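> next one to model:
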Amino acid sequence: MAQPVNPAAPTTTAPAGEGMMTDDQRFLLSDIFGAYFGPHLKGEWLAHKSAMRRAVERLPQYTHDQLTRSKMMMAEMTHVYYYILRKASQCVVVAPSLLLKFFRNTLPAKVLSAGSHYPRFVNLYPTHLHPCSFVKDRFLAIDNIVFIDNPSTSYIREEVVERIKSLTGLPELVLEKDAAKLPIYVTDEAFYEVVAPGVRSGGHSRFFILLVVLMEKTQE
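Numbering: from 1, shown residues only. Predicted coordinates:
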């Protein structure tokens, strides 16, 4: 039985080594997790609507009864993020430690920048409807979120779509249906290039280490 996790309140100072995010980094965080993921609702099996689409179309807030009680592994969401940015410039990619804090709503205010207008993860997926939990007391997950491999762009301005394509290096926004599935081996050269070029620890990439943390963390 999954145990709920209570995220800590955001801090006001940035830890050493965590500088302020760029506008491109904040833009991609919000758009990737806003467009490629959405609430897992009953009755939307064939056409899931992303969190961003629901916000733009001003759809009513869904309730607990409408949710499927599914679980999305944080490691899977992390894999999708770096997979989408596998061709992107290093300067737009967020470090694994910051990505985890983005999920947990613990990014320091200094990192986000005071004037940032992009939604946080908690704005896209309210914690009372999408709490963090442990699956089998080991695997960190977020409840009631679904991966969307072919997100609709009909509600997104053309210049925004072009900016996503330009920053990610992807000609189209459609992904493989199994893009969220974790590979058996995550020490692929693509991840080295995206996450930590030339940086190893104990023979593993930083991305591999992050997956270990996400999948084996048992205490808060």
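> and for residue 141, the neighbour number?
Here the number of neighbours of residue 141 (other CB atoms under 10 Å) works out to 23. Yep, even glycine has a C-beta here, placed from its N, CA and C like the rest.
> check for me that it belongs to a strand.
Yes - going by DSSP: H, G, I helix; E, B strand; the rest coil, the assignment for residue 141 places it inside a strand.
> number of nearby residues for the closest residue in space to residue 155 that isn't next to it in sequence?
The shortest distance from residue 155 to any non-neighbouring residue, by CB to CB, 6 or more residues apart in numbering, is to residue 56 (4.6 Å). A total of 14 residues lie near residue 56 under the criterion other CB under 10 Å.
> in this protein, where's the longest helix?
Scanning the chain for the helix with the most residues, using DSSP state H, yields helix 23-35.
> which other helices and strands contact that helix?
Helices and strands in packing contact with helix 23-35 are listed as helix 51-56, helix 74-84, helix 121-124, helix 158-168; criterion 3 or more CB pairs under 8 Å, 6 or more residues apart in numbering; DSSP states H and E.
> average pLDDT for that helix?
Computed over helix 23-35, the mean pLDDT rounds to 94.
> using CSV, write out every CA atom in it.
As requested, the backbone C-alpha atoms of helix 23-35 are provided in CSV (Å, rounded to 0.1, in the frame of the first residue of the first chain):
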residue,chain,number,x,y,z
ASP,A,23,13.8,31.7,-18.8
ASP,A,24,14.3,28.8,-21.3
GLN,A,25,14.7,26.3,-18.5
ARG,A,26,11.5,27.4,-16.7
PHE,A,27,9.7,27.5,-20.0
LEU,A,28,10.6,23.9,-20.9
LEU,A,29,9.8,22.6,-17.4
SER,A,30,6.3,24.0,-17.5
ASP,A,31,5.7,23.1,-21.1
ILE,A,32,7.0,19.5,-20.9
PHE,A,33,5.2,18.6,-17.8
GLY,A,34,2.2,20.7,-18.7
ALA,A,35,1.8,19.3,-22.3
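> so which helix or strand of this structure has the lowest pLDDT on average?
With mean pLDDT, DSSP states H and E as the measure, the helix or strand of the chain carrying the lowest mean pLDDT is strand 3-5 (a mean of 36).
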